[in-house]
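K.L.:
generate a structure from the sequence data that follows.
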Amino acid sequence: ENKKKCITLWKNIAMHYKNEGAIGGYDLLNEPIPDKKDSLVALYKRIIDAIRSTNDKHMIILES
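P.N.:
Modelled structure (predicted):
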């Protein structure tokens, strides 16, 4: 449930700032501590897909 909320939040942020030139990029998760690497990668992919569905202008930052 929290992952779904996170994805929705990022989609809404991307939609809100899609035409804002002052935004350099989106840092999706600050210092994530995944239980499994694969689960973090899968979450990143879902967030990126949600962001790119509304905004393809800003850089996306991924921390490992």
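
K.L.:
only C-alpha atoms for contact and neighbour calcs from this point on.
P.N.:
Noted.

K.L.:
this protein: helices as residue ranges?
P.N.:
With DSSP state H as the definition, the chain shows helices at residue ranges 2-16, 37-52.

K.L.:
adding distance to Ala22, mean pLDDT and mean neighbour count, write those out as a markdown table.
P.N.:
What follows is the helices of the chain, written out as a markdown table (distance: least, Cα to Cα, whole Å; pLDDT from 0 to 100; neighbours: other Cα atoms under 10 Å):
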| stretch | distance to Ala22 | mean pLDDT | mean neighbour count |
| --- | --- | --- | --- |
| helix 2-16 | 13 | 96 | 15 |
| helix 37-52 | 17 | 94 | 16 |
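
K.L.:
adding distance to Ile60, write those helices out as TSV.
P.N.:
Listed next are those as TSV, based on distance: least, Cα to Cα, whole Å:
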stretch	distance to Ile60
helix 2-16	11
helix 37-52	8
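
K.L.:
between those helices, which gets nearest to Ile23?
P.N.:
Minimum separation from Ile23 across the helices of the chain (Cα to Cα) falls at helix 2-16, 10.1 Å.

K.L.:
any idea how far the closest one is from the chain center?
P.N.:
7 Å (Cα atoms, centre = their mean, to the nearest Å).

K.L.:
that helix to helix 37-52, inter-axis angle?
P.N.:
Computed with axes from the mean of the first three to the mean of the last three Cα atoms, to 10 degrees, the direction of helix 2-16 lies at 30 degrees from that of helix 37-52.

K.L.:
list of residues touching helix 2-16?
P.N.:
Outside helix 2-16, the residues that touch it by Cα atoms under 8 Å, 6 or more residues apart in numbering are Leu28, Leu43, Arg46, Ile47, Ala50, Ile51, Ser53, Thr54, Asn55.

K.L.:
OK, contacts around the third one?
P.N.:
Contacts for Arg46 were tallied using Cα under 8 Å, 6+ apart; they are Ile7.

K.L.:
what does the fourth one give?
P.N.:
Residues counted as contacts of Ile47 (Cα under 8 Å, 6+ apart) are Cys6, Ile7, Trp10, Lys11, Leu28.
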